[in-house]
Structures are given as C-alpha cells and as structure tokens.
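**Student:** what shape does this take:
(2 chains)
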There are 2 protein chains.
Amino acid sequence: MKYPNKINKVYKKEINYSNRGMDLENIINEACKYYLDNDIAVIYKKPTPIGIVEVDYERMVIKKGYFKEPSTLDYNGVYKGKYIEFDAKVTKSTTSFPLSNIHPHQIKHIRNVIRHQGIVFLIIYINNEYYLFKGEDLISFLENNDRKSIPLDVIETLGTKLNYSLKGLEYIKGIDIAYKELI
Amino acid sequence: MKYPNKINKVYKKEINYSNRGMDLENIINEACKYYLDNDIAVIYKKPTPIGIVEVDYERMVIKKGYFKEPSTLDYNGVYKGKYIEFDAKVTKSTTSFPLSNIHPHQIKHIRNVIRHQGIVFLIIYINNEYYLFKGEDLISFLENNDRKSIPLDVIETLGTKLNYSLKGLEYIKGIDIAYKELI
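**Tutor:** This next block holds a predicted model:
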C-alpha cells in the first residue's frame, strides 16, 4: 500500500509532507509498537490470509500458495478492555473516498463488530491528511446515500484528524476523541 | 493439530469419545461460525503467520514462503464489547499439561492482554475433556511453580469444563461462567 506520488514540489518547509507520504501501514505499525512497548494498548496487524496449496514438509517450506480476500479488517486488539479493530485505506483522490476500497465482506464485518459493541473504524489517508472514520458513520453513510464515494467534506466533518509523530500515526489519541463516551 | 490416538477400545457406548476426538480446531471453528451466524459473538481464527519469500506477481501465486512462530494466540474477537483471545492446546498426556506447549512470546502476550483488561485463556484438551483455563490462572501458576507442566487436578479445579454439542465446542458458555464478574 503506497502513497500517491502527488507531492511534486519539494520546498524545505514542506519536509513534513514527505514524511506524511510514508507508507501508511508502516506508520501504523510503528504506532502499534510504540503502544505495546509503552503499555498503552495491545494491537497487532493480523497476518495476511494465505491459502496454502503445497508444502515441502521435509524443509517446512511453502511451495505454492495464494492470497485470500480478507473478510475482516487488518488490525485488531485491546485498549482499556475494549475490542478495537480497524483498517488502513489510502486514496489518490483528493475530493472523495471511493467505497470500492472496502470489500462487501468487510462492511458486513464492520456491522457485526458494531452490533457487539466493539470499536471499529477506518484510517483514511486523503488529501495529505489522516482521518479516523468511525464504522458507525460509514454504515450510516451507506444507508443514506447511493453515492459510490464519501466526499472529503463528510470525512472532514465526521472524521477525527490524526497526527503523525515520532511515535507513528497516533490513532489512540483519535480513539480517545472519537469514542470519548466509551473509553 | 490432531488428537492423541489413545482410544483403542471401541465399544458402541463409547461413540461419544470418538466425537470428542475430532480435531480441536474444527470444533472451535464450528462454534465460531455458530456464534457468528446466531449473532452471539464475532470471533475468528487469525490467519497462520507466513513469511513470504517469493511471489509470481503475474499469476499472483506465492512461490516460496515459510511458517512463522506465532507471537499471539490463534483466535480473537469481540463478545459483549469485551476483547476475547484464546488458543487451542491438545496434550496426549492424561496427567498434566506440558508448558512447552506455550511459546514464551505467547506468555508475554497473555500478560499484556490481561494488563489491558482483555479476556484471554487457553482451551486445553486433556484426558478426554475440554477445559477453559484462564490466562490469570496460567500466569499465577507460572509465578508460583517451577514445574514444567500443570497437573490435571489443577486444571480440573481451576478450569471450566466445556461441552461439545452440535454447535461445536461451546466456549462462550465457559466464558460466561469463568468471567461472570466481567460479562
């Protein structure tokens, strides 16, 4: 998952933008490690689902496999006793987030987690910013719109902007704000 | 993960034992499906962690990979808003559960999840019975013993016996009993 190569102007004062252009998964993984090392939360990226076709059992080497479509989201874990799950999504568009980025299975799964009182959201990188966008807002948008994408202003209004620092992408701060009634 | 082939005597009245001898992962997966379909809990087996070495990107086929050692437990998800995580362990021994079945990383992870108020446990198949054994009891045993295995009577005393039915291995009932102060 790579960032859009949209940032062509390289001024010295814009160095931060190139940082922001880092691979989204990397800066989330950095944050997960920071939260784990500092005893703030226990959140891991799930392994990529692989279908294993052929194994050389003598050397314990996988000789053939294929990538399966994920039916859940990429990251999950526990924060203050609460179940947390989220996925990282990048869009090149600067005006809206295309819903084709989310598999139908994942939408079903988001509904399931909400119904069981888990905290579930997307981290969306759009227009040089990172947003925590709650699963509840996603479902409500899907139920009240026929649009194939979420306009940027909806994400700006409903989402919680996330900061990127040496700790990685600080999504726990976002959880504290977006779910303040639960945490 | 196969059951011990200890059951040699096949009497008609012992048919249940051969059912119990079903693959532990299968009957847990059955239960996960039942809980999901009946809107009781959302708990999945995590994908097996694979290190991918070589991919044929034209056909999107993995040509070489290896199995990584898991640093977390196999199943996790949400039940009544609570974070749930557990692993399935089978022992051939009928008298004790060897602690070598649990990787040091997994023990560290169990401590982490407990500290963050998650519900974390083992499902142990021993001596023809299934037990939910709480992470707290495991850590307390490790801290107070130099033994390399947990004696069966400790598992019988502290553990919660689980029933196997057409719904699979009913571990949610076990959670309701073992964590009644939390659920």
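
**Student:** so where's chain A shaky on pLDDT?
**Tutor:** For chain A, the stretches flagged by pLDDT under 70 are A:1-22.

**Student:** nearest residue to residue A:130 in space, ignoring adjacent ones along the chain?
**Tutor:** residue A:162 (4.1 Å; CB to CB, 6 or more residues apart in numbering or on different chains). (C-beta placed from N, C-alpha, C; glycine too.)

**Student:** give me the three-state assignment for the residue most central in space within chain A.
**Tutor:** With distances taken as CA atoms, centre = their mean, the residue of chain A nearest its centroid is residue A:88 (2.1 Å). Following DSSP: H, G, I helix; E, B strand; the rest coil, we place residue A:88 in the strand state.

**Student:** list the contacts of the lengthiest helix in chain A.
**Tutor:** Longest helix in chain A, counting residues (DSSP state H): helix A:24-37. Residues outside helix A:24-37 that contact it (CB atoms under 8 Å, 6 or more residues apart in numbering or on different chains) are A:1, A:3, A:40-45, A:74-75, A:77, A:79, A:88, A:90, A:123, A:125, A:130, A:164, A:167-172, B:112.

**Student:** repeat the analysis, applying 6 Å as the threshold.
**Tutor:** A:1, A:41, A:43, A:88, A:90, A:125, A:164, A:167, A:168, A:169 (CB atoms under 6 Å, 6 or more residues apart in numbering or on different chains).

**Student:** now do stretch A:155-169
**Tutor:** Identification of contacts with stretch A:155-169 by CB under 6 Å, 6+ apart yields A:27-28, A:30-31, A:34, A:130-133, A:137, A:170-171, A:174, A:177-178.

**Student:** from these, which is closest to chain B?
**Tutor:** Nearest to chain B among those: residue A:34, at 14.0 Å, using CB to the nearest CB.

**Student:** now the residue nearest to the centre of chain A: how far from residue B:56?
**Tutor:** According to CB to CB, to the nearest Å, residue A:88 and residue B:56 sit 26 Å apart.

**Student:** now do residue A:49
**Tutor:** 18 Å.

**Student:** which of those two has more neighbours?
**Tutor:** The neighbour comparison of residue A:49 against residue B:56 (other CB atoms under 10 Å in any protein chain shown) goes to residue A:49, with 16 against 11.

**Student:** assumed residue A:172 was part of a strand.
**Tutor:** No - according to three-state DSSP, residue A:172 belongs to no strand; its state is helix.

**Student:** and it, what is it in contact with?
**Tutor:** residue A:41.

**Student:** can you give me the neighbour number for residue A:53?
**Tutor:** The number of residues packed near residue A:53 is 12, by other CB under 10 Å.

**Student:** mind listing what's buried in the helix or strand hosting it?
**Tutor:** Using DSSP states H and E, residue A:53 maps to strand A:50-56. Neighbour counts over strand A:50-56 (16 or more other CB atoms under 10 Å in any protein chain shown) mark A:50, A:55 as buried.
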